[in-house]
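Visitor: quick one, fold the following:
(2 chains)
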Number of protein chains: 2
Amino acid sequence: MILTVTLNTALDITYRVRSLRPHATHRVSEVTERPGGKGVNVARVLAALGHEVTVTGFAGGGTGRIVQDRLTATPGVVDALVPIGGATRRTIAVVDERTGDTTQLNEPGPAIAPPEWSALQEAYEDLLASASAVALCGSLPPGVPVGAYAGLIRTARAAGVPVLLDTSGEPLRRGVAARPDIVKPNSDELAELTGSHEPLRATHAARRRGAHAVVASLGPEGLLAATPEGTWRATPPGRVHGNPTGAGDSATAGLLAALVERRPWPERLTRAVALATATVHAPVAGEFDRRTYEELLGRVAVTGEASAA
Amino acid sequence: MILTVTLNTALDITYRVRSLRPHATHRVSEVTERPGGKGVNVARVLAALGHEVTVTGFAGGGTGRIVQDRLTATPGVVDALVPIGGATRRTIAVVDERTGDTTQLNEPGPAIAPPEWSALQEAYEDLLASASAVALCGSLPPGVPVGAYAGLIRTARAAGVPVLLDTSGEPLRRGVAARPDIVKPNSDELAELTGSHEPLRATHAARRRGAHAVVASLGPEGLLAATPEGTWRATPPGRVHGNPTGAGDSATAGLLAALVERRPWPERLTRAVALATATVHAPVAGEFDRRTYEELLGRVAVTGEASAA
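Guide: Purely as a prediction, here's the structure:
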């Protein structure tokens, strides 16, 4: 199975309202809720692609119970979240039906106690024994040390499990130094890490800092990958309209799926870009349209070259 | 014990944000949550006054579990909510720290199935056997017949339990016709019921429609009561500043507390106005400041006169 780690899990709630006006009272016309946090989103896409996925991270309180009930009900997903005393945070996306714009309210989330963090590390090590790959995704909750991902990367490498890191700031900086197989920053995160705003230069700089492969997300312009096998750019066909929420997590799922199927880098990038694009196209944030995905697989342009062997 | 009925229970969540801006992403700096719905609020105030209270209504889903866990943890409150298949609705109050203004988002809430409504009526009849008074509070959820309160009033009257009704619209109109002991509309609800915007005339008109006593809430100007024992007006001392959320529910609690203690009407109104005013004063919406309440008891002005015996 593929393991995804989400230390800052969430219950993602979406409200549709006629028109959001500050200081007014609104009747919500439609409520949707689902488990969230980047690694959970990656797991949902992997499961939809037919992969067996296990989700770990933290869950607690009434919101944590809802998250776990929903994960358990998702075919292909195994819930291995570690219980905590605090309550899992909520995020609320308020969609204005008139403009289509979204207003986001993110709860801070509970602090993790030292024994809870120890319990997660133990559960993680146990789960790695049956994992074909692991993704470490998202921000760190309060109470978890800033070097957390670096430690989890070393454990994965010691167990011989390929590890992908998708985070930002200091946890990314420390994680890269622990030599993960893949890091997947966006342009801003990459610039913050390397000091360079030039994507090609920055991806190579991130490799020199320790990452074996760097896949930079360039938003609507696709992906740029610097890897031991070569450097490639993968671009979606034409301009994409829609909701980019979750597109990055879909790209991560595409990279992982192709990785465990031992596909070469150009094919990994094609899948990642097709999935991300199909997610932007989908009517529901974070879901992807399967027909769009399959149709896009033949239309993603990959340019670049393999390194000399 | 005093019984309160809340057919449209809620999990009331309050978010504090630096400044609410549509289409932006906000970090919530503080989250508070508690069981809500008008009858639940009335029960909390009654329990704080030292009364034993039982809460019935509907609860379901993960949010319903949070509501029930919280009610069970409230001293003096007994949870007798009836389980339903749907999930209890949430309400979200977003407080802008810069302006102090509140933006409200109210979920629609689950539809009640006919067997669930039957189960509630049976539970209600059982609970009435040990009730000294009952309050029927708030709107009706989808699936509950519009004459629901009228039926619950007749059951209470048949059991010899004094019954207070606090609702609006057609459920109020039908409820009043079932001859409740007290109805507690605000000015708008009273005008809608009677067609008169003149409070004194409207309270008397509401009595003629069937209510034994009518206590009209006039907002910052206090209460106006038309009862079989006489007509009174109760006014808080001076202008009140603060958050009026929950003030009406505190007034209901004051009326009920004094009713079961067999106090005369002027004292019932004094308690209701003092509690409502102490609620407006309190820093947290819906709570009341006990010292303010006790100090106000001696300062509420009650004018009017008893009917000729």
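Visitor: run through chain A and note the low-pLDDT ranges.
Guide: Scanning chain A for pLDDT under 70 picks out A:308-309.
Visitor: how about the residues of it by chain B?
Guide: A:15, A:17, A:20-29, A:31, A:61-63, A:65-66, A:69, A:90, A:92, A:94, A:96, A:99, A:101-108 (CB under 8 Å from any CB of the partner chain). C-beta: built from backbone N, CA, C; applies to glycine.
Visitor: pull out the buried members of those.
Guide: With neighbours counted using 16 or more other CB atoms under 10 Å in any protein chain shown, the residues of chain A next to chain B contain these buried positions: A:15, A:17, A:20, A:26, A:28, A:31, A:61-63, A:65-66, A:90, A:92, A:94, A:96, A:102-103, A:105-107.
Visitor: helix, strand or coil for the residue nearest to A:Thr25 when sequence neighbours are not counted?
Guide: Excluding the flanking residues, the one nearest A:Thr25 by CB to CB, 6 or more residues apart in numbering or on different chains is B:Gln104, at 4.0 Å. What DSSP: H, G, I helix; E, B strand; the rest coil gives for B:Gln104 is strand.
Visitor: rewinding a little: quick one: which of the buried ones among the residues of chain A next to chain B sit in helices?
Guide: A:Gly61, A:Gly62, A:Thr63, A:Arg65, A:Ile66 (DSSP state H).
Visitor: the second one and A:Pro83, how far apart?
Guide: With distances taken as CB to CB, to the nearest Å, A:Gly62 is found 13 Å from A:Pro83.
Visitor: go on, the first one?
Guide: From A:Gly61 across to A:Pro83, the span is 10 Å (CB to CB).
Visitor: and what of A:Ala73?
Guide: 19 Å.
Visitor: and what of A:Leu296?
Guide: 40 Å.
Visitor: give me the more crowded residue out of those two.
Guide: Between A:Leu296 and A:Pro83, counted using other CB atoms under 10 Å in any protein chain shown, the more crowded position is A:Leu296 (23 against 12).
Visitor: can you show me the strands along the stretch 1-150 of chain A?
Guide: A:2-6, A:10-17, A:25-27, A:30-36, A:53-59, A:77-79, A:82-83, A:89-96, A:102-106, A:133-137 (DSSP state E, counting those that start in this stretch).
Visitor: what's next to the fifth one, contact-wise?
Guide: By CB atoms under 8 Å, 6 or more residues apart in numbering or on different chains, the surrounding residues in contact with strand A:53-59 are A:1-9, A:37, A:39-40, A:43, A:46-47, A:64-65, A:67-68, A:71, A:76-84, A:88, A:110, A:112, A:116, A:120, A:123-124, A:127, A:131, A:141.
Visitor: again, only this time at 6 Å
Guide: With CB atoms under 6 Å, 6 or more residues apart in numbering or on different chains as the contact definition, strand A:53-59 has outside contacts at A:1-7, A:9, A:40, A:43, A:46-47, A:67-68, A:71, A:77-82, A:84, A:88, A:123, A:127.
Visitor: which parts of the helix or strand in which A:Arg174 is found are buried?
Guide: Element membership for A:Arg174, per DSSP states H and E: helix A:169-177. Residues A:Pro171, A:Leu172, A:Arg173, A:Arg174, A:Gly175, A:Val176 are the ones in helix A:169-177 that count as buried (16+ other CB under 10 Å).
Visitor: please apply the same query to stretch A:200-215.
Guide: Buried, per 16+ other CB under 10 Å, within stretch A:200-215: A:Ala202, A:Thr203, A:Ala205, A:Ala206, A:Arg207, A:Gly210, A:Ala211, A:His212, A:Ala213, A:Val214, A:Val215.
Visitor: what's the closest non-adjacent residue to the residue in the stretch 201-309 of chain A that chain B sits nearest to?
Guide: Nearest to chain B, among the residues of the stretch 201-309 of chain A, is A:Thr245, at 11.2 Å (CB to the nearest CB). The spatially closest residue to A:Thr245, leaving aside those adjacent along the chain, is A:Ala285, at 4.0 Å (CB to CB, 6+ apart).
Visitor: before we move on, what about A:Gly230?
Guide: Closest to A:Gly230 by CB to CB, 6+ apart is A:Ala306, at 3.8 Å.
Visitor: so what's A:Thr252 up against?
Guide: Going by CB under 6 Å, 6+ apart, the list of residues near A:Thr252 reads A:Val42, A:Ala135, A:Asp166, A:Lys184.
Visitor: so which strand or helix has it?
Guide: Using DSSP H and E, A:Thr252 falls within helix A:247-260.
Visitor: of the buried residues of stretch A:200-215, which is the nearest to B:His197?
Guide: A:Val215 (67.5 Å; CB to CB).
Visitor: list the contacts of the nearest residue to A:Ala148 once chain neighbours are set aside.
Guide: Of all residues not flanking A:Ala148 in the chain, A:Leu140 sits nearest, at 5.7 Å (CB to CB, 6+ apart). Counting by CB under 6 Å, 6+ apart, A:Leu140 touches A:Leu7, A:Ala148, A:Pro171.
Visitor: just send those back as JSON lines, with distance to B:Arg157 too.
Guide: Formatted as JSON lines, those follow (distance: CB to CB, whole Å):
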{"residue": "A:Leu7", "distance to B:Arg157": "57"}
{"residue": "A:Ala148", "distance to B:Arg157": "63"}
{"residue": "A:Pro171", "distance to B:Arg157": "65"}
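Visitor: and after the helix holding A:Thr252, which helix or strand comes next?
Guide: helix A:265-281.
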